[in-house]
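J.: after the sequence you'll find the predicted model.
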Amino acid sequence: MSGLVVAANRLPIEIGPDGTRTPSPGGLTSALSSVTVEGTQWVGWGGPESGRQSAFECGGLRLHPVSLSTDDIERYYQGFSNSILWPLFHGRLRPVELDRAWWRSYRLVNKRFARAVTRVAPLGGTVWVHDYHLLLVPALIRAERPDLRIGLFLHVPFPNVQLFSMLPWRDAVIKGMLGADLIGFQVADDQANFVAAAGRLVDAQVPGRTLFGGPHRVEADSFPISIDFAHWDSLGDSAKAQARDHRRELAAGCVFLGIDRLDYTKGISQRLQAFGELLDEGRVDTETCSFVQVAVPSRSDVPAYQDERSEVEALVAKINAGHPRKNGTVPVIHIETSLDEAEMAAWYRAADALVVTSLADGMNLVAKEFVAARADLGGSLILSEFAGAAQDLEGALIVNPYDIEAIKDALMAALEMPAAEQASRLETMRAAVRSNDVHRWARIFIDRLESSTRAQAGGTSLRSSCRGFIRSKQAGGLS
Ligand code: F6P
């Protein structure tokens, strides 16, 4: 698509000390990488080593590294983004530390991102800003470049107005977001929370899904993000043999699986506690029933994440010590490194159930990847009612992750479920993810951005070029 500039905290690749390029962690870059194509420009941070590197081409994209100093990383990324906005937007699962120096840094770094965007965006182009790290960027761009169409997509939940109101910089954040022409949220609740906050805090007028936060019109709606169905379907197919090996190595009668960034929002302890109690009560067999928990360390310089890691490690050790096996193996296998997609697909195929017990979660793409990887129609999905994905995946076993008994019942229900019922539930979920994949998500968002700005200014049509952008990706994509 000509003229598209993506702005996200991370570039799709991270640059290593020796110049090596590895895919960046996280669902955001993986989802966006599968829909951006040739000619797209991407503004973001390329890791600590990207320093002062100038723009470069990668897989047909033009990447513009934004440099972050050690101080920026501490204050803007670990501080304001991940110790204020992250816990606040996830229902205050951890204390929100209102450090004013972090706010100053967030503002400065957002200005740096906005400047990088306005420098490279072509006249009349489209900018797509992503996530909570860059909430001030839309208004900063608009002030400099009113010719640009600006979309903003929030990948995480938006809290209710009472909670959001504790933020001393709440008005500035809302006004920053209102610089966009279209603001996308994962689910309708997030959209409604934002509209309520904008109405109450900055007096935005709100007729329906349209807000007037100043001289221009802003639309806010939900656009549930998804995955590349065909890609994960094929990865699942290629992983059959490795999945069989996993089950053989585990001598498994049953395998429960969790795959997450190690984050306190994911409810990892809750699911492990439920499994431990089933072992205690003899409802599952210590010798043959395993829980494989992949927990990839994340934001490890933030104290709340260090505490979470210690808590999960202690719980794993306790369960394993309490349930020794005759052959010396352990019932909880804790994998603390990141896996590549093929390895993830093999675990998806090996599992009797994927267990997603997030306490709060914008969407949870792992749940959708699991569904796409299970063309064999085997296995169950246990899914928290607080993950956005619960609204898209009818057929999952929905649980309240705070209710340990409910998780235990769901684990047992998954084991006891007849194959025909598993198949029918998976068929329903696969149809939902197949028809609402990440390509459709991007197309719908961009089409809506085009129509909202056309309605406003009678602007030129982007429609045909957006279609080209999506289609050409399906034929190739980021290498
Ligand atoms: O899902 C929220 C999110 O912040 C995404 O933006 C990102 O893909 C992921 O978590 C990884 O987080 P980080 O960039 O902090 O490693």
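T.: Structure received. Numbering: from 1, shown residues only.
J.: which residue, other than its chain neighbours, is closest to the residue in the chain that the ligand sits nearest to?
T.: Nearest to the ligand, among the residues of the chain, is Gly26, at 2.3 Å (C-beta to the nearest ligand atom). No exception for glycine: its C-beta is placed from N, CA and C like everyone else's. Here the nearest residue to Gly26 in space, its sequence neighbours aside, is Arg10; by C-beta to C-beta, 6 or more residues apart in numbering that works out to 6.8 Å.
J.: so what's that neighbour up against?
T.: By C-beta atoms under 8 Å, 6 or more residues apart in numbering, Arg10 lies in contact with 24-26, 28-29, 44-47.
J.: same question for Gly236.
T.: Neighbours of Gly236 in contact, by C-beta under 8 Å, 6+ apart: 345, 348-349, 372-376.
J.: double-check that it belongs to a helix.
T.: Yes: remark: Gly236 belongs to a helix, assigned using DSSP: H, G, I helix; E, B strand; the rest coil.
J.: which residue, neighbours along the chain excluded, lies closest to it?
T.: Closest residue to Gly236 apart from its sequence neighbours, by C-beta to C-beta, 6+ apart: Ala373 at 3.1 Å.
J.: the one you found against Asp233, yeah?
T.: Yes: using C-beta atoms under 8 Å, Ala373 is in contact with Asp233, at 7.0 Å.
J.: the more surrounded of these two?
T.: Ala373 (31 against 18; other C-beta atoms under 10 Å).
J.: how near is the more buried one to Arg349?
T.: From Ala373 across to Arg349, the span is 6 Å (C-beta to C-beta, to the nearest Å).
J.: hey, what's in contact with both of these two?
T.: Contacts common to Ala373 and Arg349, judged by C-beta under 8 Å, 6+ apart, are 236, 239.
J.: neighbours of Pro146, how many?
T.: The number of residues near Pro146, taken as other C-beta under 10 Å, comes to 11.
J.: assign a three-state SS to it, would you?
T.: Applying three-state DSSP: Pro146 is coil.
J.: roughly how far does it sit from Gln41?
T.: Pro146 sits 19 Å away from Gln41, going by C-beta to C-beta.
J.: Ala414 too?
T.: Taken as C-beta to C-beta, the span from Ala414 to Gln41 is 45 Å.
J.: again, but for Thr428
T.: 39 Å.
J.: more neighbours: which of those two?
T.: The neighbour comparison of Thr428 against Gln41 (other C-beta under 10 Å) goes to Gln41, with 22 against 14.
J.: quick check: that one touching Val6?
T.: Yes: in this structure Gln41 lies within contact range of Val6 using C-beta under 8 Å: 7.2 Å.
J.: got the confidence number for the most far-flung residue of the chain relative to its centre?
T.: Distance from the C-alpha centroid of the chain, by C-alpha atoms, centre = their mean, peaks at Lys326 (39.9 Å). Per-residue pLDDT puts Lys326 at 94.
J.: having no further points to raise, I will conclude here.
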